[in-house]
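>>> please find the sequence and the predicted model below.
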2 protein chains.
Amino acid sequence: MKIAVVAPSCSLNPKVAAAVQEIADKRGDCELVIHPQCFLKDGHFAGPDSARLAALREVLSDESVGAVWCARGGYGSNRVAPELSADLPPAARGKIVMGFSDAGFLLGGLYNAGVEVAWGPMLSDIVRTGGEAAIHRALDWIVRRDPASLETGIQEPAMAFNLTVLSAMLGTPLEPDFTGIDLLIEDVAEQLYRIDRAMFHVSSSENVRRVARIRLGRVAGIVPNDPEFAIDEVAIFEEWCARSGIPYGGRADIGHDVDNKVVPFPVRRS
Amino acid sequence: MKIAVVAPSCSLNPKVAAAVQEIADKRGDCELVIHPQCFLKDGHFAGPDSARLAALREVLSDESVGAVWCARGGYGSNRVAPELSADLPPAARGKIVMGFSDAGFLLGGLYNAGVEVAWGPMLSDIVRTGGEAAIHRALDWIVRRDPASLETGIQEPAMAFNLTVLSAMLGTPLEPDFTGIDLLIEDVAEQLYRIDRAMFHVSSSENVRRVARIRLGRVAGIVPNDPEFAIDEVAIFEEWCARSGIPYGGRADIGHDVDNKVVPFPVRRS
């Protein structure tokens, strides 16, 4: 399977690209084609919006490409995802697109447009200790839908999002219909008061209130609060779920770490 | 005029309270009554939600109170504003409520419930260099609706919000109807990528797209981005306004500083 790598948010370190290329080459079950757009730099972004959009369109239009894999997160896929999803190349609907964190904006938009998408590790995860396992987990799902890559607690249909990304997606064209969805949420590098505020926002949404349940992934690298916030992320999720009548389904095995599992979204017939 | 001070978010330093009490006493045109709830501490908050809600209800129910002034921001008024606004004491509708920053959640909920609210300085502004001017500006508006306190560019009807608060308010019961509103937006202590993400979110809202125009207050204490974000807050606002068809009305004289002006919201007949 030919897997195209693009960077819808921030640019990819060439050493990271080389390390993952080597892993893919050794596997022998896929051809990893890292688009040169991944190495562009335009301030915060992997090239201007026009270049990121063009690279996404190019690989999604390519009949020889079986999957599109996001190089990394950061910030910026929301700047191109609405335009991409509103005018999608027909060939996109035969592919799977994988990413997480900021790439959730892209997953949301493509899901709404009827593309098969999955939350899962990205190339940048190779830099974590033991990161090779995350790369194989992603490729095992992309290439052969290996059930061992999956988050074990998911009840189909499921979706996964970063909390801060989910909060910023509500009310935009990227917001999926959450009716009956098992919604897995994680976050990274935020203060607990921000987690609390985002959960107030997310759990107030009438759309989110139609989920089957919310499950809490890992909240990594919490930035200290002064004064101490007093309750932890579990209590925050339990409280806002209780207040809004959303079933809280306990912990989920996703997060900004090497153990981050794959969560395939259902395919929406658009 | 009797002015009741409560703390819907974080607790007030007693020295700050004393300094502002002294200013008010010297003016002779108002009686400042600082509710003991302001000094409660419960982790991040000025007492538990129940205490903050009870203090707000108490002063809003008190026929002898002419105005309710928020002690300070921080985070937390969203945890009590929906319940307060859903079951408002009838006496609340004869008062004015002033605050800004996190208190914007409260302003939104009370506005929706038909209370007269205004964006304006809070007690905590006394600690800024020259902060006494901000305190007088707030009291001049509260006590005698002094036009000198007003943001000079506002076209009625106007509203003002912190960008991050506004973003977290969309889709909640605290979100006002923005149709025809001159919407002033400021922010503080965020990275530019967060400002950009929040403006993507806010400008995607169909409700926000019905504003008369958006005007940009000061964005203070921008946290450095690595890499540099490449465009500044003015370019961010101009771009998202252009993308979403919202007229951009230039700069506004509000922000987390001593020059922060008063922006009275229209009174909604609910």
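Done, it's in.

>>> interface residues of the stretch 101-250 of chain A facing chain B?
A:167-173, A:192-193, A:196-198, A:200-201, A:204-206, A:225, A:227-231 (C-beta under 8 Å from any C-beta of the partner chain). From N, CA and C alone the C-beta is placed, and that goes for glycine too.

>>> just the buried subset of those, please.
A:167-172, A:192-193, A:196-198, A:200-201, A:204-205, A:225, A:229 (16 or more other C-beta atoms under 10 Å in any protein chain shown).

>>> among those, which lie within helices?
Using DSSP state H, the members of these that fall within helices are A:167-169, A:192-193, A:196-198, A:200-201, A:204.

>>> now the residues you listed in TSV, with pLDDT?
Output for those, formatted as TSV (pLDDT from 0 to 100):
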residue	pLDDT
A:167	98
A:168	98
A:169	98
A:192	96
A:193	97
A:196	98
A:197	98
A:198	98
A:200	98
A:201	98
A:204	98
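
>>> nearest residue to residue A:33 other than its sequence neighbours?
residue A:4 (5.2 Å; C-beta to C-beta, 6 or more residues apart in numbering or on different chains).

>>> tell me, what's the model's pLDDT at the residue in the stretch 151-270 of chain A that chain B sits nearest to?
Closest residue of the stretch 151-270 of chain A to chain B, C-beta to the nearest C-beta: residue A:230 (2.3 Å). What the model reports as pLDDT for residue A:230 is 84.

>>> ok, and the closest non-adjacent residue to it?
residue B:43 (2.3 Å).

>>> for the residue nearest the centre of chain A, which residues are in contact?
The structure's chain A has its C-alpha centroid closest to residue A:100; by C-alpha atoms, centre = their mean the separation is 2.0 Å. Residues in contact with residue A:100 (C-beta atoms under 8 Å, 6 or more residues apart in numbering or on different chains) are A:70, A:73, A:107, A:119-122, A:160, A:162, A:254, A:260.

>>> how about residue A:209?
Residue A:209 neighbours (C-beta under 8 Å, 6+ apart): A:203, A:244-246.

>>> and the strands in chain A?
Here chain A has its strands, by DSSP state E, at A:2-6, A:31-34, A:67-70, A:96-99, A:116-119, A:158-162, A:182-188, A:213-220, A:248-251, A:263-264.

>>> which of these sits closest to residue B:134?
In terms of C-beta to C-beta, the element of those nearest to residue B:134 is strand A:182-188, at 34.8 Å.

>>> alpha carbons only: can I get the closest one in CSV?
In CSV, the C-alpha atoms belonging to strand A:182-188 read as follows (Å, rounded to 0.1, in the frame of the first residue of the first chain):
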residue,chain,number,x,y,z
ASP,A,182,-18.5,6.7,22.1
LEU,A,183,-16.4,9.9,22.4
LEU,A,184,-12.8,9.6,23.7
ILE,A,185,-11.1,12.8,24.8
GLU,A,186,-7.6,13.5,25.8
ASP,A,187,-5.5,16.6,26.3
VAL,A,188,-1.9,17.8,26.8
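
>>> elements contacting it?
Under the contact definition 3 or more C-beta pairs under 8 Å, 6 or more residues apart in numbering or on different chains; DSSP states H and E, strand A:182-188 sits against strand A:158-162, helix A:163-169, helix A:192-204, strand A:213-220.

>>> hmm, back to that, between the contacts of residue A:100, which is nearest residue B:50?
Closest approach to residue B:50 among the contacts of residue A:100 (C-beta to C-beta): residue A:162, at 31.7 Å.

>>> where are the low-confidence patches of the stretch 151-270 of chain A?
A:269-270 (pLDDT under 70).

>>> repeat the analysis, applying 90 as the threshold.
A:154-156, A:225-228, A:230, A:267-270 (pLDDT under 90).

>>> isn't residue A:244 up against residue A:203?
Yes. Between residue A:244 and residue A:203 there is a contact under C-beta atoms under 8 Å: 4.1 Å.

>>> counting neighbours, go ahead and name the busier of these two.
residue A:203 (21 against 17; other C-beta atoms under 10 Å in any protein chain shown).

>>> which ones are touching that one?
Counted by C-beta under 8 Å, 6+ apart, residue A:203 has contacts A:209, A:214, A:240-241, A:243-244, A:246.

>>> buried subset of those as a ChimeraX selection?
Listed next is the ChimeraX selection for buried residues among the contacts of residue A:203, using 16+ other C-beta under 10 Å:
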select /A:214,240,241,244,246
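
>>> from the contacts of residue A:203, which two are the most distant?
Largest pairwise distance in the contacts of residue A:203, by C-beta to C-beta, is 12.2 Å, between A:214 and A:243.

>>> can you pull the contacts of the nearest residue to residue A:188 once chain neighbours are set aside?
Closest residue in space to residue A:188, ignoring its immediate chain neighbours: residue A:256 at 4.1 Å, by C-beta to C-beta, 6+ apart. By C-beta under 8 Å, 6+ apart, the residues touching residue A:256 are A:101, A:186, A:188, A:218, A:220-221.

>>> which among these gets closest to residue B:127?
For the contacts of residue A:256, the nearest to residue B:127 is residue A:221 (30.6 Å; C-beta to C-beta).

>>> so residue A:134 makes contact with residue A:123?
No. Residue A:134 is not in contact with residue A:123 according to C-beta under 8 Å; the separation is 9.7 Å.

>>> tell me which of those two has more neighbours.
Set residue A:134 next to residue A:123 and count neighbours by other C-beta under 10 Å: residue A:123 wins out with 29 against 23.

>>> next one: that one from residue A:130, what distance?
15 Å (C-beta to C-beta, to the nearest Å).

>>> the contacts of residue A:203 in helices, which ones?
Mapping the contacts of residue A:203 onto helices (DSSP H) picks out A:240-241, A:243-244.

>>> distance to residue A:83 added to those residues, as CSV?
Below are the ones in helices among the contacts of residue A:203 laid out as CSV (distance: C-beta to C-beta, whole Å):
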residue, distance to residue A:83
A:240, 33
A:241, 34
A:243, 36
A:244, 32
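
>>> what average pLDDT does stretch A:127-143 get?
For stretch A:127-143, mean pLDDT is 98.

>>> I meant stretch A:78-93, not that one.
The pLDDT scores in stretch A:78-93 average 97.

>>> can you pull the contacts of the residue in chain A sticking out farthest from the centre?
Distance to the chain centre peaks in chain A at residue A:227, reaching 31.9 Å (criterion: C-alpha atoms, centre = their mean). Counting by C-beta under 8 Å, 6+ apart, residue A:227 touches B:41, B:43-44.

>>> so which of those comes closest to residue B:59?
residue B:41 (19.7 Å).

>>> and the nearest residue to that closest one once chain neighbours are set aside, how many neighbours?
By the measure of C-beta to C-beta, 6+ apart, the closest residue to residue B:41 outside its immediate chain neighbours is residue B:11, 5.1 Å from it. Per other C-beta under 10 Å, the neighbour tally for residue B:11 reads 21.

>>> that concludes my questions; thank you for your assistance.
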